[in-house]
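Student: no sequence on this one, just coordinates:
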């Protein structure tokens with residue numbers, strides 16, 4: 001594979017030429033064009049085959065008050081770069097950086113607003129004659145999606161995309177490098193990778209993980225080490241930088257460049273060094289595997305995966321009422337309860353005839369992904385609703401569903417391909433649901449052929465063989481199971497069934513559902529759609545995993561049932577409390593929850609909140625980015641015996657320690673539990689916390705201990 005050489009930093013080069021602190025480098029495209037052009041020329045002379053325009057922040061929000069428009073800046077910048085590259089084969093990349101504002105739910109900027117800002121920039125770059133679009137230094141996967149969709153829907157230029165990852169493989173806002181690779185590849189990027197944040201050595205693990213989830217060329221654009229706090233000088237010399245890049249190219253990175261602290265000397269060293277001169281390694285051969293994801297959670301479809309069915313208004317008057325009233329808190333609670341109960345992904349159906357389904361689906365997707373990390377399955381027969389869900393979903397979703405009708409396949413499969421989703425095919429067509437397994441297998445084969453013809457990988461096609469009530473069709477269950485077995489054995493596809501359909505119209509539905517589920521697993525079912533808060537169903541899943549040897553040493557089974565009193569029995573009670581809405585709930589005591597100052601993550605705290613509330617505790621949720629003073633004031637005023645603090649970012653751990661210190665100094669008698677992905681039990685003890693809660697179940701157990709239940 002051919003290697004490409006990018007350029008290095010622009011901002012530091014302009015600072016050397018007189019750019020003052022706080023002065024916009026982009027305005028130099030208009031006021032100092034010859035100096036900007038000189039930077040480009042130096043990079044070209046050093047060996048760069050692609051140079052990035054001086055437009056990193058050239059969006060309308062950033063330029064507000066400057067007196068110039070994005071079009072003026074971008075057109076001038078592209079013109080300067082083209083003049084510098086005249087007479088060479090160097091390509092001009094329109095540089096697109098972050099917008100500088102947080103997208104919802106982290107901030108107030110909507111996805112549509114972000115898309116429009118990026119689209120304006122890209123249209124200007126296309127008109128000016130850029131050769132490709134380079135989206136870089138992103139930390140939020142949703143912002144990546146907005147920019148990438150804007151680029152793909154604006155023109156057919158190649159689009160390179162990079163995010164800034166910490167050495168552990170997550171961005172500042174929690175996006176996994178694997179999720180980025182899967183989503184950006186699915187949306188049609190031409191090359192993907194990482195830039196900024198770290199030196200070459202710290203990028204190795206992330207590069208390796210990205211390469212496991214894409215066939216695209218991988219970009220590396222590291223910093224020149226870390227800057228000296230006193231002088232601002234970066235640690236690595238050009239030769240050290242070039243030598244450190246060798247290991248990244250040996251892993252498979254093929255598009256190389258530099259970010260902060262690099263200059264033409266670094267690019268020249270890189271062009272002459274072993275990293276650029278040695279042949280690129282052969283493309284990695286990876287086994288075909290379907291993986292769906294949210295920004296922060298990967299779900300390989302490699303065994304039994306529970307699809308939660310509760311986000312569906314069918315037969316649920318309370319849910320229908322919530323959708324009609326726009327009560328997204330109710331919808332969010334259904335998502336959290338299913339996640340706590342063991343769902344692996346969530347089906348989202350919002351089909352209420354009197355509502356605009358596309359608009360309702362968009363709102364549902366946005367609200368659910370604000371509180372749950374689980375991947376989502378977008379369930380609708382309405383193509384507009386499907387597209388709305390796919391457009392706003394921050395991850396790789398499953399589309400549920402298509403069927404064997406040619407018109408349906410031709411309408412929906414292009415959406416699946418466009419958004420890089422997986423798809424469920426129902427074994428029915430214009431003639432209805434076939435009576436025999438052989439006929440259903442034939443439809444499944446037709447769906448698979450159509451999907452692959454649209455460029456959807458075979459591993460991303462799942463088949464629902466359709467469970468029908470045995471009350472109406474006594475032989476239906478047997479034919480469904482035969483169809484499941486045939487699809488698994490003859491087509492090698494994952495299989496889906498809506499389990500509760502089997503028992504409609506019959507007494508003791510739970511027993512029928514549980515028995516049918518076990519039979520379906522034996523036939524080859526891998527993706528049951530069920531109510532995970534019904535303990536009998538998830539118990540059957542756990543037992544089958546154990547007996548089928550997909551639960552090594554029974555660890556998952558033992559963990560599920562080892563402490564029923566602390567968490568396992570919780571979800572039957574939760575289900576009953578939902579059914580008895582409006583009845584009084586015992587007040588077991590007051591708990592104050594807060595995400596500490598400087599941290600804007602909600603998901604973990606929201607899950608704990610719902611779990612504690614359904615256990616009967618009064619939860620005072622102070623939200624995110626909460627000051628120590630606000631926590632102390634609320635704890636004292638409400639006489640709260642238990643305080644829960646969360647943090648996801650390492651940079652906000654000192655704020656957690658400060659909050660604990662403030663609580664202790666106040667003299668308020670309370671217990672403090674802490675949680676979050678960046679914490680450990682040892683660190684919790686070090687900063688003075690009484691408890692470390694790794695998940696919502698442990699939070700419940702801690703509350704029971706504090707309140708002496």
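Tutor: Structure's in. What do you need? Bear in mind the structure is a predicted one, so any value in this text is a computation, not a measurement.

Student: Pop the domain breakdown of this structure in here.
Tutor: 4-277, 584-706 (automatic domain parsing).

Student: The shortest one: how far from the chain's middle?
Tutor: When you say that, I think you mean domain 584-706. In terms of CA atoms, centre = their mean, to the nearest Å, the centre of domain 584-706 is found 25 Å from the chain centre.

Student: pLDDT of that domain, averaged?
Tutor: For domain 584-706, mean pLDDT is 89.

Student: residue boundaries of the helices in the stretch 401-550 of the chain?
Tutor: With DSSP state H, counting those that start in this stretch as the criterion, the stretch 401-550 of the chain has helices at 406-418, 437-453, 476-486, 509-523, 535-547.

Student: Now render the domains of the chain as CSV, adding distance to residue 401 and mean neighbour count.
Tutor: C-beta: built from backbone N, CA, C; applies to glycine. Shown next, in CSV, are these (distance: least, CB to CB, whole Å; neighbours: other CB atoms under 10 Å):
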stretch, distance to residue 401, mean neighbour count
domain 4-277, 18, 20
domain 584-706, 28, 19
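
Student: so which of the helices of the stretch 401-550 of the chain is the most packed in?
Tutor: By mean neighbour count, with neighbours taken as mean count of other CB atoms under 10 Å, helix 476-486 ranks first of the helices of the stretch 401-550 of the chain at a mean of 22.

Student: quick one on the thing from earlier: let's have the domains of the chain in a markdown table, adding distance to residue 534.
Tutor: Putting these into a markdown table (distance: least, CB to CB, whole Å) gives the following:
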| stretch | distance to residue 534 |
| --- | --- |
| domain 4-277 | 30 |
| domain 584-706 | 16 |
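
Student: Helix or strand for residue 308, just tell me which one.
Tutor: Using DSSP states H and E, residue 308 sits in strand 307-311.

Student: So what are the sheet partners of that strand and their directions?
Tutor: Strand pairing for strand 307-311, determined by DSSP bridges: strand 345-348 (parallel), strand 527-530 (parallel).

Student: okay if I get those as a markdown table plus distance to residue 475, mean pLDDT and mean neighbour count?
Tutor: A markdown table is the format used below for these (distance: least, CB to CB, whole Å; pLDDT from 0 to 100; neighbours: other CB atoms under 10 Å):
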| stretch | distance to residue 475 | mean pLDDT | mean neighbour count |
| --- | --- | --- | --- |
| strand 345-348 | 27 | 98 | 25 |
| strand 527-530 | 21 | 98 | 24 |
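
Student: Redo the ones you listed as TSV? Include distance to residue 519.
Tutor: Putting those into TSV (distance: least, CB to CB, whole Å) gives the following:
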stretch	distance to residue 519
strand 345-348	22
strand 527-530	11
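
Student: Give me the below-cutoff pLDDT ranges for the stretch 51-200 of the chain.
Tutor: Under the criterion pLDDT under 70, no range of the stretch 51-200 of the chain is flagged.

Student: ranges for the strands of it?
Tutor: Ranges of strands in the stretch 51-200 of the chain, per DSSP state E, counting those that start in this stretch, are 91-96, 132-138, 159-163, 191-195.

Student: Distance to residue 124 for the ones you listed - can I get that in JSON lines?
Tutor: Formatted as JSON lines, those follow (distance: least, CB to CB, whole Å):
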{"stretch": "strand 91-96", "distance to residue 124": "8"}
{"stretch": "strand 132-138", "distance to residue 124": "11"}
{"stretch": "strand 159-163", "distance to residue 124": "16"}
{"stretch": "strand 191-195", "distance to residue 124": "22"}
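
Student: can you give me the strands for the stretch 501-650 of the chain?
Tutor: 527-530, 590-595, 618-621, 642-646.

Student: would a markdown table of the helices of the stretch 401-550 of the chain with distance to residue 132 be doable?
Tutor: A markdown table is the format used below for the helices of the stretch 401-550 of the chain (distance: least, CB to CB, whole Å):
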| stretch | distance to residue 132 |
| --- | --- |
| helix 406-418 | 20 |
| helix 437-453 | 29 |
| helix 476-486 | 46 |
| helix 509-523 | 49 |
| helix 535-547 | 47 |
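
Student: Is it possible to get these out as a markdown table so that each row also shows mean pLDDT?
Tutor: A markdown table is the format used below for those (pLDDT from 0 to 100):
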| stretch | mean pLDDT |
| --- | --- |
| helix 406-418 | 97 |
| helix 437-453 | 98 |
| helix 476-486 | 95 |
| helix 509-523 | 95 |
| helix 535-547 | 93 |
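
Student: Nearest to residue 259 among those helices would be which one?
Tutor: Closest to residue 259 of these is helix 406-418 (CB to CB; 31.1 Å).

Student: and residue 322, how many neighbours does it have?
Tutor: Neighbour count for residue 322, taken as other CB atoms under 10 Å: 18.

Student: Pretty sure it sits against residue 332.
Tutor: No - Residue 322 is beyond contact range of residue 332, at 10.0 Å (criterion: CB atoms under 8 Å).

Student: centre of the chain versus stretch 82-95, how much separation?
Tutor: On CA atoms, centre = their mean, the centre of stretch 82-95 falls 35 Å from that of its chain.

Student: Pull the residues that contact it.
Tutor: 37, 40-41, 44, 48-56, 74, 78, 81, 121-122, 125-126, 129-134, 136, 160 (CB atoms under 8 Å, 6 or more residues apart in numbering).

Student: So what would you say the end-to-end distance of it is?
Tutor: From its first residue to its last, stretch 82-95 covers 14 Å (CA to CA, to the nearest Å).

Student: again, but for stretch 620-638
Tutor: Using CA to CA, the end-to-end distance of stretch 620-638 comes to 9 Å.

Student: how near is residue 618 to residue 642?
Tutor: Residue 618 is 11 Å from residue 642, where distance means CB to CB, to the nearest Å.

Student: And for residue 390?
Tutor: Residue 390 is 41 Å from residue 642, by CB to CB.

Student: residue ranges with poor pLDDT in the stretch 201-350 of the chain?
Tutor: Low-confidence segments of the stretch 201-350 of the chain (pLDDT under 70): 229-230, 284.

Student: what about the strands in it?
Tutor: 218-221, 255-256, 291-294, 298-300, 307-311, 345-348.

Student: try the stretch 351-500 of the chain
Tutor: 376-379, 395-396, 398-402, 422-426, 461-464, 494-498.

Student: which other residues reach the last one?
Tutor: Under the criterion CB under 8 Å, 6+ apart, residues 290, 301, 307, 309, 400, 424, 462-467, 480, 484, 487-488, 520, 524-529 lie in contact with strand 494-498.

Student: just checking, residue 485 touches residue 520?
Tutor: No - using CB under 8 Å, residue 485 makes no contact with residue 520, being 9.7 Å away.

Student: Tell me the backbone dihedrals of the nearest residue to residue 595 once chain neighbours are set aside, please.
Tutor: Using CB to CB, 6 or more residues apart in numbering and skipping the chain neighbours, the partner closest in space to residue 595 is residue 624 (3.9 Å). Phi and psi for residue 624, reported as degrees, to the nearest 10, are phi -110, psi 160.

Student: that older thread, tell me which of the strands of the stretch 51-200 of the chain sits nearest to residue 692.
Tutor: Among the strands of the stretch 51-200 of the chain, strand 159-163 sits nearest to residue 692 (CB to CB), with 29.9 Å.

Student: Residues contacting that closest one, please?
Tutor: Strand 159-163 has contacts (CB under 8 Å, 6+ apart) with 93, 132-139, 141, 144, 147-148, 151-152, 171, 175, 177, 180, 184, 188-195, 219, 221, 255.
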